[in-house]
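Visitor: Have a look at this fold, sequence not included:
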């Protein structure tokens, strides 16, 4: 009778372990796919920022645009430079983003985690703040979202304006507190850093 009870417990423990292994494999696959999709979307938005700047380079002084950038956690930074590829260590990049430091030059670059820096030449000189992913505060909701395979993203609202010397990029006028939301089209956790001003 005792041996039968031990045998049942072995099957129960074995089932739990098997379930955890299956969950872990499924989690890694879902998280990996979502992370890749978010990274690709970030790269597309990098090119869109480049295109907006280039279009304004050939426009009249005073022309302006606003554009929301949604970056994945693997994007260490997007910035403008005169000497591509100008490389910043991760800690330095985070410091520049949090301090809202400006970058300027004729090349716009994107640094993605564990990948080479990609730079594109601009049609004129541009000035813009450093943007990218930054460490987020620990919270229960963030932990639950991560366990569900949801990738954190970082939102920036950028304001572009053409002046005599080139294009100036700044954050939209209305800033808001950092908040976390979840989208339905692509399961992500969004950290909003700068939101567009009210129209």
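Guide: Alright, I've got the coordinates. Please read all numbers here as calculations on a predicted model, not as lab measurements.
Visitor: Where does the prediction get shaky in the chain?
Guide: Scanning the chain with the threshold set as pLDDT under 70 gives 1-8, 11, 18-20, 22-34, 137-151, 174-199.
Visitor: can you map out the helices along the chain?
Guide: 2-57, 90-98, 140-147 (DSSP state H).
Visitor: show me what contacts the residue nearest to residue 100 when sequence neighbours are not counted?
Guide: Nearest residue to residue 100 in three dimensions, chain neighbours excluded: residue 129, at 5.3 Å (Cβ to Cβ, 6 or more residues apart in numbering). C-beta: built from backbone N, CA, C; applies to glycine. Residue 129 makes contacts with 97, 100, 101, 102, 103, 169, 170, 171, as judged by Cβ atoms under 8 Å, 6 or more residues apart in numbering.
Visitor: how about the nearest residue to the fifth one, chain neighbours excluded?
Guide: The one in question is residue 103. Among residues not flanking residue 103 along the chain, residue 79 sits closest, at 4.0 Å (Cβ to Cβ, 6+ apart).
Visitor: quick one, what contacts the one you found?
Guide: 86, 88, 96, 103, 108, 109, 128, 130, 131.
Visitor: Pull the contacting residues for residue 46.
Guide: 78, 108, 110, 118.
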